[in-house]
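*Asks:* model this:
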Amino acid sequence: MGGKLIIREIRADDALRVKRLIDEVFNRHDKTNAKDDIRFHFKCQEFRISNGDLYWLAEINDRIVGITGLTQTTKGVFWLAWLGVKKRMQGQGIGKQLLKYAIREAKKRNAKKFCIRCGSLPMFSKANSLYKKCGFEEQFRIRDYWARGDDLIVVSQAIDKILI
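*Replies:* Purely as a prediction, here's the structure:
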């Protein structure tokens, strides 16, 4: 990795660097949604309103290398909001550390269940493999949800059964 990995809460002054990371990491559909979610989050922060979402960055040597987030939808149920790592930094355990961090934060908030929305395209195979290794199980699938040939896959696990 070439430096210490630091995970910290996202701040409004990170906006431009986060936008660049999103442009590199996510596909066309996800880019738009991620940018909208982050922009909304920053606006809520500006007005000191909590929208219930939490976002963190992974940095190495003050360079943003990854992003993740967490959303609570109902009491005890948390969803991974986003998980992305710069392409040249993938395969070094950063995604796993970000997922671990989000799960730890969910546990602090009394999570009972942790859910993740995934895609079925080959570009998601590394992430989907990570989720499977951590004990997440497919709950359901909606064919062609994101686009033709790209299914929505929802995986989840009881918080105390996650293997991370």
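
*Asks:* could you give the bridge partners of Ile60?
*Replies:* As for beta bridges, Ile60 partners with Leu5, Arg63 under DSSP bridges.

*Asks:* for the closest residue to Lys100 other than its chain neighbours, give its distance to Gly95.
*Replies:* Of all residues not flanking Lys100 in the chain, Ile164 sits nearest, at 5.0 Å (C-beta to C-beta, 6 or more residues apart in numbering). For the C-beta atoms, the positions are set from N, CA and C on the backbone; glycine is no exception. According to C-beta to C-beta, to the nearest Å, Ile164 and Gly95 sit 11 Å apart.

*Asks:* out of these two, which sits in the more crowded spot?
*Replies:* Gly95 (20 against 17; other C-beta atoms under 10 Å).

*Asks:* who's in contact with that one?
*Replies:* 66, 83, 85, 126-127, 130 (C-beta atoms under 8 Å, 6 or more residues apart in numbering).

*Asks:* circling back to that earlier point, from what I see, the residue nearest to Lys100 and Gln97 are in contact.
*Replies:* No: Ile164 lies out of contact with Gln97 (C-beta atoms under 8 Å); the separation is 9.6 Å.

*Asks:* count of residues packed around the closest residue to Met89 other than its chain neighbours?
*Replies:* Once flanking residues are discounted, Met89 sits nearest to Val65: 4.6 Å by C-beta to C-beta, 6+ apart. Neighbours of Val65 under the rule other C-beta under 10 Å: 24.

*Asks:* what's the answer for Phe47, then?
*Replies:* Phe47 has 6 nearby residues by other C-beta under 10 Å.

*Asks:* same deal with Ala81?
*Replies:* Neighbours of Ala81 (other C-beta under 10 Å): 21.

*Asks:* now do it against Phe124, distance only.
*Replies:* 16 Å.

*Asks:* how about the strands in this protein?
*Replies:* Assigned by DSSP state E, the chain shows strands spanning 5-9, 53-60, 63-74, 77-85, 113-119, 137-147, 150-158.

*Asks:* in the lengthiest helix in the chain, what counts as buried?
*Replies:* Counting by DSSP state H, the longest helix found in the chain is helix 28-46. For helix 28-46, burial by neighbour count (16 or more other C-beta atoms under 10 Å) applies to 30, 34-35, 37-38, 41-42, 45.

*Asks:* any idea of the angle that helix forms with strand 113-119?
*Replies:* Here the directions of helix 28-46 and strand 113-119 differ by 140 degrees (axes from the mean of the first three to the mean of the last three C-alpha atoms, to 10 degrees).

*Asks:* tell me which other helices or strands helix 28-46 touches.
*Replies:* Applying 3 or more C-beta pairs under 8 Å, 6 or more residues apart in numbering; DSSP states H and E, we find helix 28-46 packed against helix 15-25, strand 53-60, strand 77-85.
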